[in-house]
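In: this one's structure only:
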């Protein structure tokens, strides 16, 4: 839990009169008027502090117990300022679960008091000139380079020793493009390169020591950039703009020679830009991801000017992925760590030639020789080549219409032949006399006429069969009478 109370006041240009020896003596007293001399910290006496009449604007930070209500400020005349009364003009209030930051324009001079769940042993700090100090970046940097950069804050020229101040302030670095039309980053947006931390993690050496550390991974487009260090709080911010730097492309180059190692090995070759990198200092730490997902780590520690080589087992066919981290020195002796972009290559299974017997081979050879002979023959002139003229569209239409008419005529003739009237027999005449004539019978339809036609044929067949039977019976009787006689 945060312990101190941090009271930070940003003094805008104020009219400062010449100090007398008496004023200088008073400035050394923590509870005296806040004058020109820098006061790194003033211990609170029963949560009371005094504001000088020369202060035009003051910013206060009160650290309190986690989850407690915002503090209440009491003016010298007894009036109170609540968090809900911040109007955004004369009073600005920013609160979190652990602290309140209050900024007041033209505060009332005199003793003030803070009421709330303020942490014990809290102190007040007056910010007279908050500054960020960071080492400038090298003039030549590379895309993918990993940099360690440190920075610290000063107040009035002296370091800030409050460890809790890191919870109020945020340090970061941004790159702004110079919009050089000859660079790859022309028209690029601002890029946040790193955030500085004082937590003892990553590249930060000691936590809460007041030194902020940022780790850069320059995975942005190559070109000319303007580095800008930024320190910001909920109330104000500060910037440090450095000179433009040139970000060069990644100097490490990877290539592969498939089956170049012989005996089922691929040869991986790693080189560097000799104009920027001292090749004899190049160290490689990498890993290979095989097509089946297996990963193999490797390292190359040769100290020579030759291209670095590594043999990769042709484990199976597919995509191989290579990821490298390179360590080297530049030509001017600066140590660099480079995150090399992933490199991949594809290996394919070789095509197996089909087995051809002798007869097939002889036939193929004869066809090939015949093709060669035909190719050697002179081409026929254009007049000798005759092509059949294509059928005209009108002729095709007439042909289709004629075929359809023919089909219609034949179909109509068949229907007429089946449904035509035939001579009426005696049996049909008698059968037609018996039933009464109706409109339905007088005009039979197609199905009715077909039925009548089939019925008529059946009757004729039955009559013929009866006649044959009668004739057989009569002949049988005659034969019987002749035998008896």
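Out: Nice, I can see it. Given the structure is predicted, the values throughout are model-derived calculations rather than measurements. Numbering: from 1, shown residues only.

In: need the contact list for the residue lying closest to residue 268 once chain neighbours are set aside.
Out: Nearest residue to residue 268 in three dimensions, chain neighbours excluded: residue 310, at 4.5 Å (CB to CB, 6 or more residues apart in numbering). Backbone N, C-alpha and C define where each C-beta goes, glycine included. Contacts for residue 310 (CB atoms under 8 Å, 6 or more residues apart in numbering) come out as 267, 268, 270, 284, 286, 298, 300.

In: can you name the residues that contact the third one?
Out: Meaning residue 270. Shown in contact with residue 270 (CB under 8 Å, 6+ apart): 252, 253, 254, 282, 284, 300, 307, 308, 309, 310, 324, 326.

In: make a ChimeraX selection of the buried ones in these.
Out: Paste this into ChimeraX to select the buried members of the contacts of residue 270, with burial taken from 16 or more other CB atoms under 10 Å:
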select :252,254,282,284,300,308,310,324,326
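
In: please flag which of the contacts of residue 270 sit within helices.
Out: Using DSSP state H, no member of these falls in helices.

In: in strands, which of the contacts of residue 270 appear?
Out: Secondary structure from DSSP state E places 252, 253, 254, 282, 284, 300, 308, 309, 310, 324, 326 of those in strands.

In: as TSV, those with pLDDT and distance to residue 339 would be great.
Out: As requested, the ones in strands among the contacts of residue 270 are exported to TSV (pLDDT from 0 to 100; distance: CB to CB, whole Å):
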residue	pLDDT	distance to residue 339
252	96	10
253	96	15
254	96	13
282	96	15
284	96	13
300	96	17
308	95	17
309	94	21
310	94	18
324	96	8
326	97	8
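
In: make JSON lines out of the residues you listed and add distance to residue 227.
Out: JSON lines is the format used below for those (distance: CB to CB, whole Å):
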{"residue": "252", "distance to residue 227": "23"}
{"residue": "253", "distance to residue 227": "27"}
{"residue": "254", "distance to residue 227": "29"}
{"residue": "282", "distance to residue 227": "27"}
{"residue": "284", "distance to residue 227": "29"}
{"residue": "300", "distance to residue 227": "32"}
{"residue": "308", "distance to residue 227": "32"}
{"residue": "309", "distance to residue 227": "37"}
{"residue": "310", "distance to residue 227": "36"}
{"residue": "324", "distance to residue 227": "26"}
{"residue": "326", "distance to residue 227": "23"}
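
In: check contacts around residue 102.
Out: Taking CB under 8 Å, 6+ apart, we find residue 102 in contact with 59, 60, 61, 62, 73, 81, 86, 91, 92, 93, 94.

In: quick check: closest non-adjacent residue to the last one.
Out: This points to residue 94. Distances taken as CB to CB, 6+ apart place residue 234 nearest to residue 94, at 4.0 Å, with adjacent residues excluded.

In: I'd say that neighbour and residue 95 touch.
Out: No: the criterion here is CB atoms under 8 Å, and residue 234 misses it with residue 95 at 9.3 Å.

In: overlap of the contact sets of these two?
Out: Counting by CB under 8 Å, 6+ apart, the residues touching both residue 234 and residue 95 are residue 101.

In: pLDDT below threshold where in the stretch 351-485 of the chain?
Out: Applying pLDDT under 70 to the stretch 351-485 of the chain picks out residues 353-391, 421-469, 479-485.

In: give me the phi and psi angles of residue 412.
Out: Main-chain dihedrals, residue 412, degrees, to the nearest 10: phi -60, psi -40.

In: I meant residue 474, not that one.
Out: Torsion angles at residue 474 (phi, psi; degrees, to the nearest 10) stand at phi -60, psi -40.

In: re earlier: and the ones in strands among the contacts of residue 270, which is closest to residue 400?
Out: For these, the residue nearest residue 400 by CB to CB is residue 254; the value is 68.8 Å.

In: partners of the closest residue to that closest one other than its chain neighbours in the sheet?
Out: Leaving aside its sequence neighbours, residue 254 sits nearest to residue 343 (CB to CB, 6+ apart; 4.2 Å). Going by DSSP bridges, residue 343 is paired in beta bridges with residue 322.

In: list the contacts of residue 343.
Out: By CB under 8 Å, 6+ apart, residue 343 lies in contact with 254, 256, 321, 322, 323, 324.

In: residue 330 now?
Out: By CB under 8 Å, 6+ apart, residue 330 lies in contact with 140, 276, 277, 278, 336.

In: apply 7 Å and report the result again.
Out: Counting by CB atoms under 7 Å, 6 or more residues apart in numbering, residue 330 makes contact with 276, 277, 278, 336.

In: quick one: buried ones out of the contacts of residue 102?
Out: Burial by neighbour count, judged by 16+ other CB under 10 Å, picks out 59, 60, 61, 62, 73, 81, 86, 91, 92, 93, 94 from the contacts of residue 102.

In: what pairs with the second one across the strands?
Out: The residues paired with residue 60 through beta bridges, assigned by DSSP bridges, are residue 102.
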